[in-house]
Each structure stands twice: as structure tokens, then as C-alpha cells.
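Novice: Need coordinates for the below:
(chains A and B)
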Number of protein chains: 2
Amino acid sequence: MARFILDLDGTLVDSVYQHVVAWHLSLQSCGFDLPMWQIHRKIGMSGGVLIRSLSNELGAPIDEATKKRLEDGHSREFARMRDTIAPFPQARDLLETLRRANVPFAIATSGDRNDVEPLLRLVGAHDGVPVTFKSDAPLPKPDPGLLLAAAAKLPDASQETMVVGDSVWDMLAARRAHFVGIGLLTGGYGESELTAAGAYRVYADPAQMLAHLHEVGVVTEATWNGNATATKT
Amino acid sequence: MARFILDLDGTLVDSVYQHVVAWHLSLQSCGFDLPMWQIHRKIGMSGGVLIRSLSNELGAPIDEATKKRLEDGHSREFARMRDTIAPFPQARDLLETLRRANVPFAIATSGDRNDVEPLLRLVGAHDGVPVTFKSDAPLPKPDPGLLLAAAAKLPDASQETMVVGDSVWDMLAARRAHFVGIGLLTGGYGESELTAAGAYRVYADPAQMLAHLHEVGVVTEATWNGNATATKT
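Specialist: Down below sits the predicted model:
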């Protein structure tokens, strides 16, 4: 029997590329030019770590006022693209199947509450699902703090905890928390990158994971598609 | 001694993510929802193949009128983002070093001439560099036709031809042309994906490739940075 902690951006909702573009525009407006692929590889850390890590790449310190402008710029640009963000195929069904099977699950996101709430609604996770935000942990992923805070909200602490995420930071944080990482390709990482970071299994997307729940500690009679039932075993 | 065929989008200029977003917006405006990561993994093929391949993913045929609307939508959205596109670090210096060392090189792009010309200018390749466009080959990458057409424009046919690209499609096309693929991480693929597709070497970006030209058949006295010289050996 397992319990699940799921990442949100890039795992349940298709928002990674919008984050990349939003950071890129915000950086450009502050006079920084950092290639898109390098920003992409840092999504999944929180904005603060991302900026500190960008600062290293740029070889220049970034002061608090600039950091604030960068974060505000990112939030503003991201909000502008919010209408283009959709849930991944069967992301809602995955959560609904876990719910109906009484499998405990929580969502752990490096995002800010304001950026995140509209996205939770897209996958039906805005009500009754424990959610851990950036502000609930002292350090962001790949530090395990956010995952440990999410796990503390779940029952059955003696059961195995599975962490579902799209980035190597999710997989690394899972290892540090002694949880089992499950990688999805939905964030734009290659399968071998996720495997190298410690993923126990890699699936294309929530739909493929849902079809293989028996591989990750959940046995259901059927996956939920509006009329089937599922049971926890 | 070697000669080089370089891809443009994602290899010399930082434009892959803009292409992803432009296709996503164009698809959404035609009522199609395809996740960003799946679009990302298809960039580097031409628009036509991309649409045919999207049609397979969607499980629905796409008629000629819709195809045209999708291509026009992509070009329009891409043009809107053109100001955000920058050359990668030392992309210009890489070309200038090859030029000064009298190493033959050409650019082969799956793009349309109109989309591409402003980008060629960004890396100083608008003048005197042989460029092969989508329309110069019967089939797009990973078919080797575009690379063979580019190679035909270069002297020294008996010399080894190196293909520099950021996508697995570049590496696969290089193998089919019996050329040597060199992968760059600048398009957002992981190193192991490029290696698995046959890359002989993988570098982070043009700057890192420039610093390692001796590994790929070019010996220079120094790389070009405005005052140093380089010679072909």
C-alpha cells in the first residue's frame, strides 16, 4: 500500500514552458540574458533558488530589490499566459482514482499560493486535498523539506510514500526524504535524466501512470473514468 | 580536417521555446490541445512533419486548410516573439573562428526563409554563408535530404562532414547521411538523448563547442574573440 505526494506544475498541469517563458521575459526586462534551456532545467526549484542559481550562471550577484523585480515580473508574465495552461490528459482521473481507492495523497508545489490556486482548480484539487506551498518549507526542492511537510499531512506514516514529479529536482528531493520517486516526461526532461536522478519508474504522463498504478503500489479494480470503481488493497 | 553543417534554431539562436509556444498557441486557436513537452520533442522537424505527427498523436486527420491555418498561426505567433530571441553565447565567434580557419561550413534549417532570415542576421550568417532551407529538400529531418543538399554546397567533399544540432532529429539525419553528429544541449534535450541518437560528442552550447574544436576535427591556434587568429590544420 502506498501514499502519494504529487508535484503540480509540469506534473498535473502543463505549465512548465509558460514558467520558462515568464522567467525569460522577466530576466530580459531586468537586463539579464540567460538561455531558455538553462532556465528550463531549473524549473521545479523555487523562484528564490532559481534566481540564486541564475546569479551563479551570470557570475554576478543579484540584490534583493532586483530579486523582487524578477519575481514580480515572472508572476505578472505567468498570469498573462494562464489561459494557455491545461491539465495533462487524465490528471483529474488520476487524482479521482486515488481518492476513490482511499489512497492518501497530497500536493507539494514550489509555487506561490497565488500562482498556484487557479491551477489546483484545473485538476479538481482545490478542495479537500492537502497542499504544501513554498512557504511551508524552509528550503525548496531538491531539499526534502517540502516533501516532508507534505508527508506530515498524510495518514499512514508507516506506508511507503511515492513522489510523482516531472523534474530531476523532484526525484532528488524524494531520495533525500527516503521516498520513492516516480518521473513523468511532461516537464520536458528525457527519461534517462529522470532515471539517473533516481526515478523508480518513468511514465509519459498522468494518463500512462494511471494505466500502470499496479506498478506503484496501488491495485485498483478499474481506473476511474466516470463510472468505474477503484479499491485500495 | 572537417567541414561543418550547422542547424540554426536551438543550435545557434535561442528560439526553440518560442517555436514550442507558437505551435501551442496556434494549435489551441484551431481547437487542438497538445501538451507542450510533446511539441518540444518534435521541434527540429519541419512544420509539415510536425503537423502530420501531431495528427497521429491526436488520432485525427488534419486537412489542408487546417494545416495552412496552423502554419500561418505558428509564423504569426513566432514573429511576435522575435524580439525575445538572442544568439547563444559565442555562436557568432564559433562561425567567425571557422571562417578565419578556412573551414567550410553551411547552415541547414528546417525553417521557412521568411522566419529564418532575421535569425541568420543575429549570428552574422546572412552574408556569404551557404544556407539550405526547408524548400531545398524533398523531405525534412530526420530524412537526410536537407543535410545532403547543404553538403553539396560545400567544397572538399572528400573531407569528413560534421553536423551540429540540438535535437535528436539532427543526430538521426546525420547518421542517415553518413555524417558525424555533434549535439548541443541548447535545444532542451538531455545529453543522454542526444548520445542515444548517435551524437559523437555533446557540448552545452556553441561556446563550449568552440573551446573544444580540437575534438571535432579543427585545430586552431586560438579561437576568435576579436583579436586572436585561427588556422585550419
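Novice: What is the lengthiest helix in chain A packed up against?
Specialist: If you go by DSSP state H, chain A has its longest helix at helix A:64-80. Here helix A:64-80 touches helix A:16-29, helix A:47-58, helix A:113-122, going by 3 or more CB pairs under 8 Å, 6 or more residues apart in numbering or on different chains; DSSP states H and E. For every residue, glycine as well, the C-beta is placed using N, CA and C.
Novice: of those, which approaches B:Q208 most closely?
Specialist: Closest approach to B:Q208 among these is made by helix A:47-58 (13.3 Å; CB to CB).
Novice: Need the residues that contact the closest one.
Specialist: With contacts defined as CB atoms under 8 Å, 6 or more residues apart in numbering or on different chains, helix A:47-58 is touched by A:23, A:27, A:32, A:34, A:38-39, A:42-43, A:45, A:61-62, A:67, A:70-71, A:74, A:110, A:112, A:134, A:140.
Novice: Same question for that helix: list its buried residues.
Specialist: Neighbour counts using 16 or more other CB atoms under 10 Å in any protein chain shown place A:47, A:49-51, A:54-55 of helix A:47-58 among the buried residues.
Novice: between the helix-or-strand element of chain A with minimal mean pLDDT and helix A:113-122, what angle do the directions make?
Specialist: Lowest mean confidence among the helices and strands of chain A (mean pLDDT, DSSP states H and E): helix A:47-58, at a mean of 78. Comparing the axes of helix A:47-58 and helix A:113-122 via axes from the mean of the first three to the mean of the last three CA atoms, to 10 degrees yields an angle of 110 degrees.
Novice: Drop anything exposed from the contacts of helix A:47-58.
Specialist: A:23, A:27, A:32, A:34, A:38-39, A:42-43, A:45, A:62, A:67, A:70-71, A:74, A:110, A:112, A:134, A:140.
Novice: which residues touch A:R3?
Specialist: A:R3 makes contact with A:103-105, A:151, A:154-156, A:159-162, according to CB under 8 Å, 6+ apart.
Novice: How about A:A2?
Specialist: For A:A2, the contact set (CB under 8 Å, 6+ apart) comprises A:103, A:159-162, A:180, A:216-218.
Novice: ok, 7 Å please
Specialist: A:103, A:159-160, A:162, A:216-218 (CB atoms under 7 Å, 6 or more residues apart in numbering or on different chains).
Novice: Show me where chain A has its helices.
Specialist: Using DSSP H, the helices of chain A run over A:16-29, A:36-40, A:47-58, A:64-80, A:91-100, A:113-122, A:145-151, A:168-176, A:191-196, A:206-210.
Novice: Which pair of the contacts of A:R3 spans the longest distance?
Specialist: A:P155 and A:M162 (14.8 Å).
Novice: Around A:A65, count how many other residues there are.
Specialist: By other CB atoms under 10 Å in any protein chain shown, the residues close to A:A65 number 8.
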